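# what's the 3D shape of this:
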Amino acid sequence: MSTSHAWRRRASAALVAAGAALAAAAPAGAATVADGRTETPIVSTSSQTDVTSSVVRLHVPMLPGAAPHAAECDWIAYERWRRTTGPTDATKADAVAVLMPGVLEGATAFDVLARNTIREAARRGKTIEVWGIDRRSNCLEDHTGVDALDAITDPAKADPTIALDYYYKGSTVAGRKFAGWKTNDRVLADLGLQQTMEDYNSVLISELPSQPWREKHVICGGHSLGGPLTEIYASWDFDGNPATTADAGYRQCAGYIGLDTVLAGGSTGAGKLPNPKDLLSTLSGGIIDGASGLSIDAIKAGVIPRTVNALGISPETTNLLEMLSVGAEKIPDVEATATVKALPQTAAVNDFLKLSGAGDLGPWLFSNDSLRDYRYTYRALLGQIMDDNGAVIGLVRSSFGYFDGNTQLRRNRLPAAFAGIPGLNILISPGNLMLPQKVARPQLTTWRNYDALPASAAGVTNAGEEVTDAFDFARTIHEGPLNLTENYFPIRLMVDQALLGQGSRTGGLKYSMHPNGITSKPRQAVIGSNGLLKPSSADPQVIAPGYQHLDVVTAAERQNGGKPELSSQTFAGLIDKALAG
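Numbering: from 1, shown residues only. Reported below is the predicted structural model:
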């Protein structure tokens, strides 16, 4: 019996044994608590009330040999979206789609897409569910400060000080004190491909116990890195015996959906997907460089960083985005300048604000220019950091409107200066990027939504390239127990992917045994015309005009000019095709 198979038997026993303990330890507000499973409803501010969401947690201990870790890390989670009037038993749905997020991304990234697709499927006469996997590394996150801020229902009292004091000044919230950023937690070194594949599979086999049902009704897929991870899942043989295929990943899926990603791209070594070492070099601050850097032992020893901490991108600053998004949803037109000036002078925060606000290579190298020099409302500040006309980081771009109120904007030339640097040109992407002028008395920069662009947007953007609603975008970053960001993305996961692509089958990588599994079922990719990928022949593709990398999962159901929302339309079409056999 393989180690993987034996572990799953122990995990199944743990699911049952944990039931009694859970009754006392379940998350607050849990709707159901039984047999190592909790389901907690989410109170959403989405206008699409015909779709309901919840967070499901399963007690599935880490693989044998994992480093000592917090009890929370023996749980896995996913966010579940379904029709409010639909069946509560997922196996009564026509289909269940299970999606894997990308780099630095959490389960709620799929909120808008899930709602739109469920509604589109209903118009086609089908009842479906969409599940977003929240990778195990999120067990290290502490949302206490952000949750306390989010719980304030009176906008006049939505003061971010409560969160800042929790994370930086030692204040107590809900009986808890912040324990610090866990950037070097040893458990991150164990969160590689084998653990991720086992977690993905545990969600499916625990919640949908019939393999024949799964193979006919489950759609597997993902966004960004979630596409290659889906390909790897399809290749995985969970009992280690390639002759018995009922346990193989591809036998759990009726079809595959990719969102600004490649599905059949060779992540298993079967094709020609570019090796991710350039991005690895960037995410590790240049420490991983070349084959000699791809060492699991080095990650375990702490020689190689265990999570992302480069260019100001760190657990501290992804948590900051979540904090600011509460303001962008609840008090979008209130000036955020005092909050920005109150942000701590830590290296990570200073680097992040400088990267976002320097404006050119010279100031980035030789000055202290940063977002602290300008004035924004909360929504405009989120736009400067994450909108496609403000964000220097291509991975986080969505198109949800444009700046207003400030007549002193300039072109941000910093990304163009990085364009020729491998790795950096994946993270820091050129575009039509604007930034306020640095002046002694800066004007207040405000924000207009995707469907109400100001005249000043002409020549920079247009209605055809603005596709995401700003309110919903801000909401999904922080709403509920999970979030859109993944504060502790494990470098080990990408190192394993690179090694697998090079042909390694050592350790847990030996379970990748079916390199053509992804091509055995219908598949479809949605590619943003302004996203990170160029059209290719790797998968059947639909090109979404004007969509950025995040827009493929955040685009509003109602598009400018009455156009259909292509991600959900394509997704629902793929479900139709897969169900038809």
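# Where do the strands of the stretch 101-250 of the chain begin and end?
Assigned by DSSP state E, counting those that start in this stretch, the stretch 101-250 of the chain shows strands spanning 128-134, 218-223.
# mind checking the backbone torsions on the closest residue to Gln559 other than its chain neighbours?
Excluding the flanking residues, the one nearest Gln559 by Cβ to Cβ, 6 or more residues apart in numbering is Glu565, at 5.5 Å. From N, CA and C alone the C-beta is placed, and that goes for glycine too. Backbone torsions of Glu565, given as degrees, to the nearest 10, read phi -80, psi 110.
# partner residues bridging the residue nearest to the spatial centre of the chain?
Geometric centre of the chain, nearest residue: Glu105, 1.9 Å, by Cα atoms, centre = their mean. Beta-bridge partners recorded for Glu105 (DSSP bridges): Thr485.
# Report pLDDT for it.
Glu105 carries a pLDDT score of 97 in this model.
# got it, and Arg9?
Model confidence at Arg9 (pLDDT) stands at 41.
# what's the distance between stretch 232-249 and the middle of its chain?
A distance of 26 Å separates the centroid of the chain from that of stretch 232-249, by Cα atoms, centre = their mean, to the nearest Å.
# Oh, that last question was meant for stretch 412-429, not what I typed.
22 Å.
# got the contact list for Gly573?
By Cβ atoms under 8 Å, 6 or more residues apart in numbering, Gly573 lies in contact with Gln524.
# Wait, a helix at it?
Yes - assessed by DSSP: H, G, I helix; E, B strand; the rest coil, Gly573 belongs to a helix.
# about what we covered before: might you report the residue contacts of the residue nearest to Gln559?
Glu565 touches 116, 467, 555-559, counting by Cβ under 8 Å, 6+ apart.
# Break down the stretch 301-450 of the chain into its strands, ranges please.
375-376, 402-404, 409-411, 434-436, 444-448.
# okay if I get those as JSON lines plus mean neighbour count and distance to Leu229?
As requested, these are exported to JSON lines (neighbours: other Cβ atoms under 10 Å; distance: least, Cβ to Cβ, whole Å):
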{"stretch": "strand 375-376", "mean neighbour count": "24", "distance to Leu229": "35"}
{"stretch": "strand 402-404", "mean neighbour count": "24", "distance to Leu229": "34"}
{"stretch": "strand 409-411", "mean neighbour count": "14", "distance to Leu229": "36"}
{"stretch": "strand 434-436", "mean neighbour count": "25", "distance to Leu229": "34"}
{"stretch": "strand 444-448", "mean neighbour count": "22", "distance to Leu229": "34"}
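# Redo these as TSV? Include mean pLDDT.
Putting the strands of the stretch 301-450 of the chain into TSV (pLDDT from 0 to 100) gives the following:
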stretch	mean pLDDT
strand 375-376	98
strand 402-404	98
strand 409-411	97
strand 434-436	98
strand 444-448	98
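# Quick one: closest of the strands of the stretch 101-250 of the chain to Trp364.
strand 218-223 (29.3 Å; Cβ to Cβ).
# Could you tell me which strands the closest one is paired with, and in which direction each runs?
strand 95-100 (parallel), strand 255-259 (parallel).
# Any idea how far that strand is from the middle of the chain?
That offset, for strand 218-223, works out to 14 Å (Cα atoms, centre = their mean).
# Same question for stretch 393-409.
Distance of stretch 393-409 from its chain centroid, counting by Cα atoms, centre = their mean, is 21 Å.
# returning to what we had before: between the strands of the stretch 301-450 of the chain, which gets nearest to Met62?
Nearest of the strands of the stretch 301-450 of the chain (Cβ to Cβ): strand 375-376, 41.8 Å.
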